[in-house]
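Participant: Provided below are the primary sequence and the corresponding predicted coordinates.
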Amino acid sequence: MGVGTIVMLALLAVLTFYVIGVYNGLIAARNRFKNAFAQIDVQLQRRYDLIPNLVEAAKGYMAHERDTLEAVMAARNQAQSAARGAAARPEDGAAIGALANAEGALGGALGRFYAVAEAYPDLKASVTVSELMEELTSSENKVAFARQHFNDAVTDYNNGREQFPASLIAGLFQFLAAQLLVLDNPAAREAPKVSFR
C-alpha cells in the first residue's frame with residue numbers, strides 16, 4: 001500500500017467521522033427541540049384542564065354571559081386539538097402554526113371572559129373562581145417560559161442545520177427547518193391580568 005493510498009484512506013476516515021459527528025449533532029438538536037415541545041405540551045394541558053373548571057364555577061354568576069363562556073370552551077377545545085397535532089409532529093411547521101393560531105384565539109376568548117367577569121362583583125368575590133384564575137395565570141406564565149425554551153431549542157437546531165458545511169449534510173439527510181412557536185395576537189403574548197380588589 002502506497003503513501004497516497006494511506007493518505008486517501010485517512011482523509012476518507014476523517015470525512016466519515018465528520019459526517020457522523022454532524023449527523024449525530026443534528027439528531028441531538030432535533031431531539032432537544034422535540035423535548036422542549038413536550039414541556040410546552042405539559043403546561044398547555046394543565047391550562048386546558050383548568051379552563052372547564054373556571055367556566056363551570058363562573059356559570060352560576062354569569063348566567064347572562066353564556067356566549068362568552070361557550071366561546072372560551074370552543075377556543076379551548078380548538079387549542080387542545082391543535083396542541084395534540086403539534087405534539088405528534090413538533091417538527092411540522094404547519095402543526096406549530098395551527099397551534100399558534102389556536103392559542104391566539106384562546107387568549108382572545110380568555111381576555112373577553114376576564115373583561116366580562118369584571119362586571120360581576122359576586123364572581124370576583126368567589127374564592128373558587130379567584131383561585132382558578134390565579135392558577136390559570138400561573139399556567140400562562142409557565143407556558144410562556146416553556147415556549148421560550150422551545151424557541152431557543154428550535155433556533156439552535158435551525159442554526160446547526162443551516163451553517164456550512166453542516167447544511168450539506170442536513171440537506172443530504174433531509175433535516176427540515178423547524179418553526180418557532182410565535183403568537184401573533186399581542187394580547188395573547190401576555191399572561192392574563194386578574195384583579196379581584
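Facilitator: Good, I have the coordinates. Numbering: from 1, shown residues only.

Participant: Sketch out the helices for this protein, chain order is fine.
Facilitator: 3-59, 66-88, 93-117, 121-125, 127-162, 166-172, 186-189 (DSSP state H).

Participant: chain center to the fifth one, what's the gap?
Facilitator: When you say that, I think you mean helix 127-162. Mean-position distance between helix 127-162 and its chain equals 7 Å (Cα atoms, centre = their mean, to the nearest Å).

Participant: Likewise for the longest one?
Facilitator: Here helix 3-59 shows a centroid-to-chain-centroid distance of 14 Å under the convention Cα atoms, centre = their mean.

Participant: For G85, which residues are in contact?
Facilitator: 95, 98-99 (Cβ atoms under 8 Å, 6 or more residues apart in numbering). In short, each C-beta sits where N, CA and C put it, glycine included.

Participant: Of these, which qualify as buried by neighbour count?
Facilitator: 95, 98-99 (16 or more other Cβ atoms under 10 Å).

Participant: mind putting these in TSV, distance to A57 and pLDDT included?
Facilitator: Shown next, in TSV, are the buried ones among the contacts of G85 (distance: Cβ to Cβ, whole Å; pLDDT from 0 to 100):
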residue	distance to A57	pLDDT
A95	32	95
A98	29	95
L99	27	96
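
Participant: Pipe these into JSON lines and attach distance to V3 per row.
Facilitator: Shown next, in JSON lines, are the buried ones among the contacts of G85 (distance: Cβ to Cβ, whole Å):
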{"residue": "A95", "distance to V3": "54"}
{"residue": "A98", "distance to V3": "59"}
{"residue": "L99", "distance to V3": "58"}
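
Participant: Would you mind checking which of the residues you listed is nearest to A166?
Facilitator: The nearest member of the buried ones among the contacts of G85 to A166, counting by Cβ to Cβ, is A95 at 25.0 Å.
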